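# next one to model:
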Amino acid sequence: MSDTTEQRPEFLRADIRTPEMEMAEVGADVAAAADLDLEAINPPNPHLFKEDRWHDHFARLRAEDPVHLNELETAGRYWSLTKYDDVRAVDGDWQTFSSARGITLGPRRSPEADEQMRRITSFIAMDPPEHTEQRKTVRGVSAPSNLRNLEPLIRERTVDVLESLPDGETFDWVDTVSIELTTLMLATLFDFPLEDRRKLTRWSDIVFAVPEPGGVVETQEQKIQEFMECVSYFEGLWEDRRANPGNDLVSMLVHGEATKDMPTAAHLGNLLLLIIGGNDTTRNTMSGSVYGLNEFPDEYDKLIADPGLVSNMVSEIIRWQTPLAYMRRTATRDTEIRDQQILKGDQILMWYLSANRDEDMFDNADLIDIERHNADRQLAFGYGIHFCMGSRLAELQLRVLWEEVLDRFERIEVQAEPERTFSSFVHGYTALPVTVTRR
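Numbering: from 1, shown residues only. As a prediction, the model looks like this:
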């Protein structure tokens, strides 16, 4: 990809001011939900998530305005859906609510810019038939037979990482365990050089990073330069896999009938989707499981007493954590949701994080209940044609992790509050200090 400003995707251009950047500029001093006028509640503020202050804002919207309109200079009109049934209904109706103009709250764009983005986007930001054809290219990675083949390797690596942890000394669970395990898995799926595997983590981190002093990236230009390194690296992998195909995701995309003739930038879009899907979601749920069970120690005790609860605990932690807070759709026609008039072109934010805390669906939804009877109804993986392709692999990794944790540790104890991701899209952790006590 030529490194000229005009040819870069919008999210790699220094002259683009994104809605999340605009929201970040509002500052960290967002009032409590109870002190705001209803119309002033504006959920996609990354400060709310970094400070873990989003709960009351969504609770008020669910109770008083579940289809909530906001408008930003950079984004135009957008609606926040906060109730389970509404999120599920919109996610299941791709004809009315399209993914083709992006999956995160996006800037106003000209038709020409829309067409440019369409040419380089990933299949998660497509509608059928293109979405179906490209997704089919890589869906073999989540086939039951492939998961059975991967489980011994996942378990072996999990054991190696857990056995290396210091006993009684404080360390960062995010970096030492969550990132290490998910990045090893990603490198395997991509047949990516293991010695470079942390590059995958870095590229994943900067996709949705909001520039801030001392943050993941400090400027938009820094973000651009690091992504150009990503493009250059993967261009080398494309060429290698064209000549030497294997059973990895890069080879599947390079040789797939629906994807083999795509330009490098479009391949990059798909691979970034797979990197983020395999990295951010699993790693943040791994970290969330440790933090959550420490927040609800009676549930941790229950799990220690009955390790057979691990599978349901995994579903419940995924519900409680919801590692991607929302997905966006765009209305293809004028329509209504709960008597609200949605205009063609309006952006719709399906807040999975709020739907998974909907009291009408989940009793005592803010609490972790590892025996919750309907935990598997959670929407963290989405619903409909875009249901997360890697969901079973993520569940497998989490299950194996906790089976091995319970087998060798008396307890994992959180030593201080975690540091959280500065993003309203990725709901995660950047650090979690813990100690472990071996059996």
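# residues in contact with the nearest residue to residue 82 once chain neighbours are set aside?
Of all residues not flanking residue 82 in the chain, residue 354 sits nearest, at 4.0 Å (CB to CB, 6 or more residues apart in numbering). For the C-beta atoms, the positions are set from N, CA and C on the backbone; glycine is no exception. Applying CB atoms under 8 Å, 6 or more residues apart in numbering to residue 354 gives the contacts 58, 61, 62, 82, 83, 87.
# so which of these are in helices?
58, 61, 62, 87 (DSSP state H).
# stretch 382-394: end-to-end distance?
End-to-end span of stretch 382-394 (CA to CA, to the nearest Å): 14 Å.
# ditto for stretch 334-342
6 Å.
# report the buried residues of it.
335, 337, 342 (16 or more other CB atoms under 10 Å).
# before we move on, what about stretch 275-294?
275-294.
# out of the helices and strands in this protein, which is least certain?
helix 111-120 (a mean of 52; mean pLDDT, DSSP states H and E).
# which residues in the stretch 201-350 of the chain form strands?
Assigned by DSSP state E, counting those that start in this stretch, the strands in the stretch 201-350 of the chain fall at 327-331, 335-337, 340-342, 347-350.
# that older thread, between the contacts of residue 354, which sits nearest residue 348?
residue 87 (9.5 Å; CB to CB).
# now for that closest one: which residues touch it?
Taking CB under 8 Å, 6+ apart as the test, what residue 87 contacts is 81, 350, 351, 352, 354, 355, 379, 383.
# distance of the fourth one from residue 320?
When you say that, I think you mean residue 352. 12 Å (CB to CB, to the nearest Å).
# now residue 27
For residue 27, the distance to residue 320 - CB to CB - is 28 Å.
# higher neighbour count, the two?
Taking other CB atoms under 10 Å, residue 27 and residue 320 do not tie; residue 320 has more neighbours (28 against 9).
# low-confidence ranges, the stretch 251-400 of the chain, go.
258, 263-270, 278 (pLDDT under 70).
# turn the strands of the stretch 201-350 of the chain into TSV, including distance to residue 34.
Listed next are the strands of the stretch 201-350 of the chain as TSV, based on distance: least, CB to CB, whole Å:
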stretch	distance to residue 34
strand 327-331	27
strand 335-337	25
strand 340-342	23
strand 347-350	22
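# for residue 421, find the nearest of these.
Short answer: strand 327-331, nearest of the strands of the stretch 201-350 of the chain by CB to CB, at 16.6 Å.
# so which residues make contact with that closest one?
78, 90-91, 94, 96-106, 342-350, 352, 382, 386.
# each with direction, which strands does that strand pair with?
Its sheet considered, strand 327-331 pairs with strand 97-98 (antiparallel), strand 347-350 (antiparallel) by DSSP bridges.
# figure out how far that strand is from the centre of its chain.
Counting by CA atoms, centre = their mean, to the nearest Å, strand 327-331 is centred 16 Å from the centre of its parent chain.
# residue contacts, the residue sitting nearest the centre point of the chain?
Nearest to the mean C-alpha position of the chain, by CA atoms, centre = their mean, lies residue 324 at 3.6 Å. Applying CB under 8 Å, 6+ apart to residue 324 gives the contacts 280, 281, 352, 380, 425, 426, 427.
# go on, residue 380?
Per CB under 8 Å, 6+ apart, neighbours of residue 380: 281, 318, 319, 321, 322, 323, 324, 352, 356.
# repeat that with 10 Å
By CB atoms under 10 Å, 6 or more residues apart in numbering, the contact set of residue 380 is 281, 285, 315, 317-325, 352-353, 355-356, 388, 391, 394, 427.
# and it, how far is that from residue 357?
Counting by CB to CB - residue 380 and residue 357 are separated by 11 Å.
# ok, now residue 340?
For residue 340, the distance to residue 357 - CB to CB - is 21 Å.
# residue 326 contacts residue 350, doesn't it?
Yes. The criterion here is CB atoms under 10 Å, and residue 326 meets it with residue 350 at 5.8 Å.
# joint contacts of residue 380 and residue 357?
The contact lists of residue 380 and residue 357 share 319, 320, 322, where a contact means CB under 10 Å, 6+ apart.
# adding distance to residue 198, write those out as JSON lines.
What follows is those, written out as JSON lines (distance: CB to CB, whole Å):
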{"residue": "319", "distance to residue 198": "30"}
{"residue": "320", "distance to residue 198": "28"}
{"residue": "322", "distance to residue 198": "26"}
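# out of those, which is nearest to residue 225?
Closest to residue 225, out of all of the shared contacts of residue 380 and residue 357 and judged by CB to CB, is residue 322, at 31.6 Å.
# show me the contacts for the closest one.
Taking CB under 10 Å, 6+ apart, one finds 281, 284-285, 288, 351-357, 378-381, 427 in contact with residue 322.
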